[in-house]
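Asks: Build me a model:
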Amino acid sequence: MHSLSSYITYLARYPLAILAIILTIVLAWQSLRSLLNRFKQHTTPAHGFFLMSQTAVSGDFVESYSLFHTTAIGSSRSSDIRLKSKNIARRHALIYLHDGKWFIRPADSNVDLYLNDRKVNNPRRINNQDLIRMGDRIMVFVDERDSAELSGQDFEGSIADWQYGKIDEQPIRTGFSWLFTGLFFIIGYIAVFLIIPSDYGRLRLLYLLLLGVFFVFAQIYYFSLPLVFENFDRAIYTAFIFIAALGLIIQARFAFVDRIKPLDWSDAEFISYIRNDFIVQAVVAIIGLAILPIVVLIVQRTRFLEKIYYVSLVLTPMFYLTTLILGRGADEWGATLWITLPGGFSLQLTEFAKITYLIVLANFFKIRPPLKTQLLFAAWAGFNFILIMLLPDLGSMMILLPVTLIVFAVMTSEYLKTAGILAGGMAIFFVAYKLLSYVQNRIYGWLTLWTETNAFNEQIIFGLQAIGRGGVFGRGLGVGNPRSIPLASSDMVFSVICEEMGILVGLAIILCFIIAWLRGANAAAKVRDGFTSSLILALGTYFFIEAAVVIAGSTGLIPLTGATLPLIAKGGSSMIAKWLMIGMLIGLCCRNEEGAYK
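Replies: Modelled structure (predicted):
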């Protein structure tokens, strides 16, 4: 009977790999096509808001200019509204939407900018029919919604909308991919159950119960949440459910299959350890999924994230300082990232610090900020990065810095400054390399990867060997040898998945994070609020960069960083933090244009 179960599990590798790669390719192609369509038609103008101006040639003809959530006005080619005049500076003014209200401010301290004949030096709110004077140009701000309301008419569309054309985007159809996701979960679910030793008794029932609860929750949410949230993104949801389901399957394999009992442990102690090991991971995943609708609801229908900006500003360095003082784990893991709690549990505040960091990042760059604001953020972020390196947490550094660069570049279009920030980040890495032996060991292990096997590169070497053994379809669940890889269930889980489930499943994981980024980029280009746009971009980019850093480290493309694969690797704090971020991402994508003006 045992040999039959093992043979069925071995054969399951084929449908698992095929289902995984097909569902992710289909979803990725649809997401890419949707984003390309969005870029082709450019960013959607703010519906019902625009500027009207007399032409420079003749005062008789009126031009209309569409407004975006952040609109740069000047004479440079990069300006959103380009006004060719010797009295208009290259970067003259910024008009932006914040918290449902429109504001204007000078883009440079030396420009002449007037609102209703009053000079503008700081951000000023603008309303319907306000006069804006820049140099020799006079423009009128038009709010057609307000005009229609005052005249007792229904608002149908704006001149700018007709000029630019409306983007008629059809929602991505995810039914096919969701069906394949369900089949993948069921086959993997049964395959692991068949290879759990029969003498574990109640543990097999516990496994069936916990993963069954997760599956039922996932199914209910897929069909019900779009009825509650109008713009619920099923593509993002499907991608992350696939990743989470895969994570539960592989962690169950780690917990129940091929475990070796220590010689000084009794059978009861061993069973209790295995049970607790799996329960923590599965229950945390279920809790994370259970709170998802609550997070989506709060983020979509309130301004909670905007309101906790100042709290996040303080909490981020406080989380790192607390971890630096109270953290444990340097002797075993090389970094003091774990705070010990009563009952044998541990907490990683650094996982939640990433959330607050991204909230602050999005708030700073919800508009194109002046140089003074940019310098303030640089000082704040630099202080946090110094604390991160003191922990040391190389993984967080290599994830948050690229995310910061991408958000800064996209939201400001300041590419020279972006290069300067990149140079500053490289300087921090160089200093860390010179001062911290932990970083030196990581770099040394990577540089000697192809010349020798040592304590600093054996993880990568054994991981690459596992990937090579797995081939296209893998060796089958439970057939691999994860015990040969240090930290197989956390840092190197990608290598184990490739060995037992195949490179195709590994590619499917990569595609899932690409899908999340593509859908996030699409939503960021669509929404009309600067904070929402920048935080969507930050969250989507974070997931993609984290996965890229982990997988690149596992395959020897970069040094190992200690970062773990979201929703798949073992870890309670990380799991909860990632589900909070997923809820934030989906909730922000659910915000509609109408709600942005309230």
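
Asks: switch to C-alpha atoms for all contacts and neighbour counts from now on
Replies: Noted.

Asks: Quick one: name whatever helix or strand follows the helix or strand bottoming out on mean pLDDT in the chain.
Replies: In the chain, no helix or strand scores lower on mean pLDDT, DSSP states H and E than helix 159-164, which sits at a mean of 43. Sequence order places helix 175-195 as the next helix or strand after helix 159-164, per DSSP states H and E.

Asks: for that following helix, the distance to its chain's centre please.
Replies: Relative to the chain's own centre, helix 175-195 is displaced by 25 Å; criterion: Cα atoms, centre = their mean, to the nearest Å.

Asks: Give me the contact list for that helix.
Replies: 2, 5-6, 8-9, 12, 15-16, 19-20, 23-24, 26-27, 204, 207-208, 211, 215, 238, 242, 245-246, 249, 252-253, 257, 477-478 (Cα atoms under 8 Å, 6 or more residues apart in numbering).

Asks: In strands, which of these appear?
Replies: Among those, no member is found in strands (DSSP state E).

Asks: Take these and keep only those in helices.
Replies: Among the contacts of helix 175-195, the members found in helices (DSSP state H) are 2, 5-6, 8-9, 15-16, 19-20, 23-24, 26-27, 204, 207-208, 211, 215, 238, 242, 245-246, 249, 252-253.

Asks: are any of those residues buried, and which?
Replies: Buried members of these, counted by 16 or more other Cα atoms under 10 Å: 5-6, 8-9, 16, 19-20, 23-24, 27, 204, 207, 211, 215, 238, 242, 245-246, 249, 252-253.

Asks: For the stretch 301-450 of the chain, just list every one of the strands.
Replies: 339-340, 346-347 (DSSP state E, counting those that start in this stretch).

Asks: how about low-confidence regions in the stretch 101-250 of the chain?
Replies: 109, 146-170 (pLDDT under 70).

Asks: Repeat that for the chain.
Replies: For the chain (pLDDT under 70), the answer is 1-2, 40-44, 54-61, 99, 109, 146-170, 329-336, 343-344, 528, 592-598.

Asks: how about a cut-off of 50?
Replies: 158-168, 594-598 (pLDDT under 50).

Asks: Domain boundaries for it, per the record?
Replies: 2-38+170-596, 49-164 (automatic domain parsing).

Asks: Buried deepest among these, which one?
Replies: domain 2-38+170-596 (a mean of 19; mean count of other Cα atoms under 10 Å).

Asks: Could you say which helix or strand holds Arg133?
Replies: Here Arg133 is assigned to strand 131-134, by DSSP H and E.

Asks: For the stretch 401-550 of the chain, which segments are assigned as helices?
Replies: 415-435, 437-447, 458-470, 493-501, 503-526, 530-554 (DSSP state H, counting those that start in this stretch).

Asks: could you say what helices and strands the shortest one packs with?
Replies: What it means is helix 493-501. The contact analysis (3 or more Cα pairs under 8 Å, 6 or more residues apart in numbering; DSSP states H and E) places helix 493-501 against helix 13-40, helix 458-470, helix 503-526, helix 530-554.

Asks: and the closest residue to Ser533 other than its chain neighbours, how far is that from Leu477?
Replies: Leaving aside its chain neighbours, Ser533 sits nearest to Ala524 (4.3 Å; criterion: Cα to Cα, 6 or more residues apart in numbering). According to Cα to Cα, to the nearest Å, Ala524 and Leu477 sit 39 Å apart.

Asks: how long is stretch 128-145 end to end?
Replies: End-to-end for stretch 128-145, by Cα to Cα: 9 Å.

Asks: Then stretch 451-460?
Replies: Stretch 451-460: ends 13 Å apart by Cα to Cα.

Asks: just use 31 as the starting number from now, easier for me
Replies: Okay, residue one is now 31; in that scheme the one you just asked about reads as stretch 481-490.

Asks: Can you name the residues in contact with that stretch?
Replies: By Cα under 8 Å, 6+ apart, stretch 481-490 touches 471-472, 474-476, 478-479, 491, 515-516, 522, 583-586, 590.

Asks: what do you get for stretch 230-247?
Replies: Residues contacting stretch 230-247 (Cα under 8 Å, 6+ apart): 215, 219, 223, 226, 228, 278, 282, 301, 305, 312-313, 315-316, 319-320.

Asks: That stretch: how far from the chain's middle?
Replies: 29 Å.

Asks: For the strands of the stretch 331-480 of the chain, could you give me TSV that also reports distance to Phe206?
Replies: Shown next, in TSV, are the strands of the stretch 331-480 of the chain (distance: least, Cα to Cα, whole Å):
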stretch	distance to Phe206
strand 369-370	43
strand 376-377	39
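
Asks: Those: which one's closest to Lys608?
Replies: strand 376-377 (14.2 Å; Cα to Cα).

Asks: And the closest one, what does it pack against?
Replies: Against strand 376-377 (3+ Cα pairs under 8 Å, 6+ apart) you get strand 369-370.

Asks: what pairs with the strand it packs on, and is each one parallel or antiparallel?
Replies: strand 376-377 (antiparallel) (DSSP bridges).

Asks: Can you give the contact residues for the partner strand?
Replies: Contacts for strand 376-377 (Cα under 8 Å, 6+ apart): 368-371, 602-603.

Asks: chain center to that strand, what's the gap?
Replies: With Cα atoms, centre = their mean, you get 23 Å for strand 376-377.

Asks: before we move on, what about stretch 493-508?
Replies: On Cα atoms, centre = their mean, the centre of stretch 493-508 falls 28 Å from that of its chain.

Asks: who's in contact with that stretch?
Replies: Contacts of stretch 493-508 (Cα under 8 Å, 6+ apart): 39-44, 47, 221-222, 225, 283, 287-288, 510-511, 515, 522, 525-526, 528-535, 584-586.

Asks: Out of the helices of the stretch 431-580 of the chain, flag the one nearest Leu421.
Replies: Nearest of those (Cα to Cα): helix 467-477, 10.2 Å.

Asks: what angle separates the closest one from helix 445-465?
Replies: Relative orientation of helix 467-477 versus helix 445-465 (axes from the mean of the first three to the mean of the last three Cα atoms, to 10 degrees): 100 degrees.

Asks: and helix 467-477, what does it pack onto?
Replies: Checked by 3+ Cα pairs under 8 Å, 6+ apart, helix 467-477 has helix 445-465 packed alongside it.
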